[in-house]
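Asks: structure, please.
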Amino acid sequence: MIVGVHHTALSVPDIDAAVAFYNGVLGFEIVSQGGWEKGYTAADNIIGLCDSVSKTAMLKGPNVFLEFFQFVEPAGEEQDPDHPMNNHGITHFCLQVKDIQFEYERLKEAGMRFHCEPQDLGATSATYGRDPFGNVIELYEVFDESVAHIPIEA
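Replies: This next block holds a predicted model:
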């Protein structure tokens, strides 16, 4: 029985920069930081790599955990920070916000690149931006709770 989504994981080239952005800029709480050294067979078996070495961090947002991996060995391939949204794989994850215009301006000032300003979609408003590595983050504000998948808190 599936009871929910626990976390989304991202492979990043710099764990410290990821924690700085997601904790310092987006306000996610650091739950744990660690990793493993070469020879950790259980980790190699789970992720399907041999002789891996990784730095990790788990961060907690209001209703989701984000897990980050920096693979020291074998090093990951660089992602085009402007990769098109139609490429296969995870296209984005979404942060539900209050006052999307404020968050857009705040994050833009902090260096986050956006595809466009927030777009009014009637009952909602949305925009896509990119973290320092090119991963796409949607900012999503719900104005009409009847269309919300997550309840709006006062």
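
Asks: and the strands in the protein, which stretches?
Replies: Per DSSP state E, the chain carries strands over the ranges 7-11, 29-36, 53-60, 65-73, 93-96, 113-114, 119-120, 124-130, 136-142.

Asks: beta partners for the residue nearest to residue 37 when sequence neighbours are not counted?
Replies: Leaving aside its sequence neighbours, residue 37 sits nearest to residue 53 (CB to CB, 6 or more residues apart in numbering; 5.8 Å). Backbone N, C-alpha and C define where each C-beta goes, glycine included. For residue 53, the beta-bridge partners under DSSP bridges are residue 73.

Asks: same deal with residue 34?
Replies: residue 56.

Asks: isn't it up against residue 67?
Replies: No - between residue 34 and residue 67 there is no contact, the gap being 11.0 Å when judged by CB atoms under 8 Å.

Asks: skipping adjacent residues, who's closest to the residue at the greatest distance from the centre of the chain in space?
Replies: Distance from the C-alpha centroid of the chain, by CA atoms, centre = their mean, peaks at residue 39 (28.4 Å). With sequence-adjacent residues excluded and distances taken as CB to CB, 6+ apart, residue 39 is closest to residue 51, at 7.5 Å.

Asks: perfect, I'm done here.
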